[in-house]
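1. Predicted structure and sequence below. I'll ask about it afterward.
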Amino acid sequence: MKSHTFIAFDLGATSGRAIVGVLADGKIDMEEISRFNNSTIALGDHLYWNILGIYDILKNSLKTCVLKGKYMPESMGIDTWGVDFGLLAEDGSLLGAPYAYRDAHTNGIPNEYFKLVPRDRVYGLTGIQFMQFNSLFQLFALKKNHSSLLKAAKDLLFLPDLLNYLFTGVKKAEFTISSTSQMLNPKTMSWAKELFDAFGAPVSLMQDMVLPGTVIGTLSGNIAKETGAGKIPVIAVAAHDTASAIAAVPAEGENWAYLSSGTWSLMGIETRKPLIDKETETMNFTNEGGVEGTFRFLKNITGMWLLEQCRKEWAAKKEYSYDELVGLSKEGKPFQSLVDPDAPDFMNPESMTGAIAGYCHRTGQASPDSAGQTVRCIFESLSLKYRYTLEQLKRVSPHPIEKLHVIGGGAKNEYLCQLTANAINMPVVAGPAEGTVMGNLLVQAMALGHLQSLSDIRKIVRNSVETTTFLPQDTAIWDDAYRKYASIIRK
């Protein structure tokens, strides 16, 4: 079988990387070209993304890939986190830096919007989980605050679409990233004009939509020359990082759920049509796009964000490795302190350890008194929140759920995977850790005709990675802990 080479740019809210993938003999092998930090920039009272800095890093990573002489990619694809966007002027120039989703300008905005369009109407049109930073609320905040940038804007592009535009000059809206916005009607696959009209934003800001696996265009002439890559195709992969990750779940059949585990934990099932009714609205589940027109019926759960922020605080006195933190966690007292990771306390506190202690005090629990006890609190709380969410999924799933596939960075945390299996009383299959990158690369392969379907993609993943299965232990103890946990978060 002839080999085929692609380059994937995978951008997270804290880091990014450029990975080359070589598809040959029914497997994909990957090599990291570059890895870089990505963080928000505080300016005045707001948080922004340095989108031009990101673009420059991606361009230089592509140049590095070519200069090494080992790889000449046939195409490239970009995935990022969801909801955030940039604005373009009439002449196509970028209007300012995009707001970061953790910026405070959307505080209180959803309730203001619901005065214009009732909450249940918004959910009925979009099927999207309510989170204050959804694109709809960001756009409304700009309008409400009389943003001069919005007044000058002709086009809105979500971040991966914006980066594709910077590389090609072509403006499109990729389906999976668009579906995170709460501005798309998943049933009609069109923009929900009613939601724009409600506050006087022109729906003409939005671009024509394309499905994952669409060739957007080719590298523009100056970039093709500068990088040495030539006019390779730029592919609209599953541009929302979770959509790329779910495409790479090494599953067969349909009786499974997934957990994409990283800064955010995203738990759900794959469906052929959106699940939108009063029950899914009450449970606040979301219907986001996937590959081959599938839908990711899921819930966003705050994930390793809690641990990442605690680790930053502790670094002032001691730099802990993740292995050290896992070891400390095992020494802690079980189920002493439990938190709801999605509580507003943990959105972006000045002190994450202080926020955890405050939550425990407020809910009548002992507060963690050491780094190990804090980490144990985070791991046990995440595991039990996964069970809470899985119980909701089971109630509405069109098929049984018999196992949980964990992908992303959390798949490497064997301790957390075992705790999760204990909590949900179900096998947990861990891997691949690099699911997002694999999904990005293999959708490129599908776009260029080297693979034919999502089923082909998952077969390649199974051939390429080893997974680890964790079976439940101590289930009676975990059942008792879950009853305690459920009573805490229902308050």
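-> Looks like it came in fine.
2. So what touches stretch 451-467?
-> By CB atoms under 8 Å, 6 or more residues apart in numbering, the residues outside stretch 451-467 that reach it are 23, 26-29, 247-252, 291-292, 294, 429-432, 435, 438-439, 442-443, 445-446. Any C-beta I mention is one placed from the backbone N, CA and C, and that applies to glycine too.
3. Quick one: mean pLDDT over stretch 372-380.
-> The pLDDT scores in stretch 372-380 average 98.
4. Oops, could you answer that again for stretch 215-227 instead?
-> Taken as a whole, stretch 215-227 has an average pLDDT of 97.
5. so how far is it off the chain centroid?
-> 27 Å (CA atoms, centre = their mean, to the nearest Å).
6. Return the set of buried residues in that stretch.
-> By neighbour count on 16 or more other CB atoms under 10 Å, the buried set for stretch 215-227 is 215-220, 223-224, 227.
7. Of those residues, just say which sits nearest to residue 36.
-> Of all the buried residues of stretch 215-227, residue 36 sits closest to residue 227, with 16.6 Å by CB to CB.
8. ok, the closest one to residue 233 distance?
-> 14 Å (CB to CB, to the nearest Å).
9. Of the contacts of stretch 451-467, grab the buried ones for ChimeraX.
-> With 16+ other CB under 10 Å as the criterion, this ChimeraX line picks the buried residues out of these:
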select :23,28,247,248,249,250,251,291,292,294,429,430,431,432,435,438,439,442,443,445,446
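10. Which members of the contacts of stretch 451-467 are positioned in strands?
-> 23, 27-29, 429-430 (DSSP state E).
11. Tell me the span between the first and last residue of stretch 22-41.
-> 35 Å (CA to CA, to the nearest Å).
12. Now do the buried residues in it.
-> In stretch 22-41, counting by 16+ other CB under 10 Å, buried: 22-23, 28, 30, 33-34, 38, 40.
13. Show me which of those is closest to residue 85.
-> Distances from residue 85 to these, taken as CB to CB, are shortest for residue 40 (14.9 Å).
14. Now do that closest one, the pLDDT please.
-> Confidence score, pLDDT, at residue 40: 95.
15. Can you show me the strands along the stretch 101-250 of the chain?
-> Per DSSP state E, counting those that start in this stretch, the stretch 101-250 of the chain carries strands over the ranges 155-158, 173-174, 184-185, 190-191, 209-210, 214-218, 233-236.
16. Same list (these) but as JSON lines, adding distance to residue 317.
-> Formatted as JSON lines, the strands of the stretch 101-250 of the chain follow (distance: least, CB to CB, whole Å):
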{"stretch": "strand 155-158", "distance to residue 317": "39"}
{"stretch": "strand 173-174", "distance to residue 317": "44"}
{"stretch": "strand 184-185", "distance to residue 317": "46"}
{"stretch": "strand 190-191", "distance to residue 317": "50"}
{"stretch": "strand 209-210", "distance to residue 317": "49"}
{"stretch": "strand 214-218", "distance to residue 317": "47"}
{"stretch": "strand 233-236", "distance to residue 317": "45"}
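17. Select, out of those strands, the one closest to residue 352.
-> The closest of the strands of the stretch 101-250 of the chain to residue 352 is strand 155-158. By CB to CB, the value is 28.3 Å.
18. average pLDDT for that closest one?
-> 98.
19. ok, that strand: who's next to it in the sheet?
-> If you go by DSSP bridges, strand 155-158 pairs up with strand 85-88 (antiparallel).
20. Any buried residues in the strand it pairs with, and which?
-> Neighbour-count burial for strand 85-88, with 16+ other CB under 10 Å as criterion, is recorded at 85-88.
21. Of the residues you listed, which is the nearest to residue 177?
-> Of all the buried residues of strand 85-88, residue 177 sits closest to residue 85, with 9.3 Å by CB to CB.
22. So for residue 307, what's the nearest residue that isn't a sequence neighbour?
-> residue 378 (5.2 Å; CB to CB, 6 or more residues apart in numbering).
23. need the contact list for that neighbour.
-> Residue 378 makes contacts with 306-307, 310, 339, 341, 356, as judged by CB under 8 Å, 6+ apart.
24. Neighbour-wise, give me the winner out of the residues you listed.
-> Neighbour counts for the contacts of residue 378 peak at residue 339, which has 29 neighbours (criterion: other CB atoms under 10 Å).
25. For residue 428, see how far away it is.
-> The value you get for residue 339 to residue 428, if CB to CB is used, is 22 Å.
26. Please list all residues in contact with residue 281.
-> Counting by CB under 8 Å, 6+ apart, residue 281 has contacts 120, 123-124.
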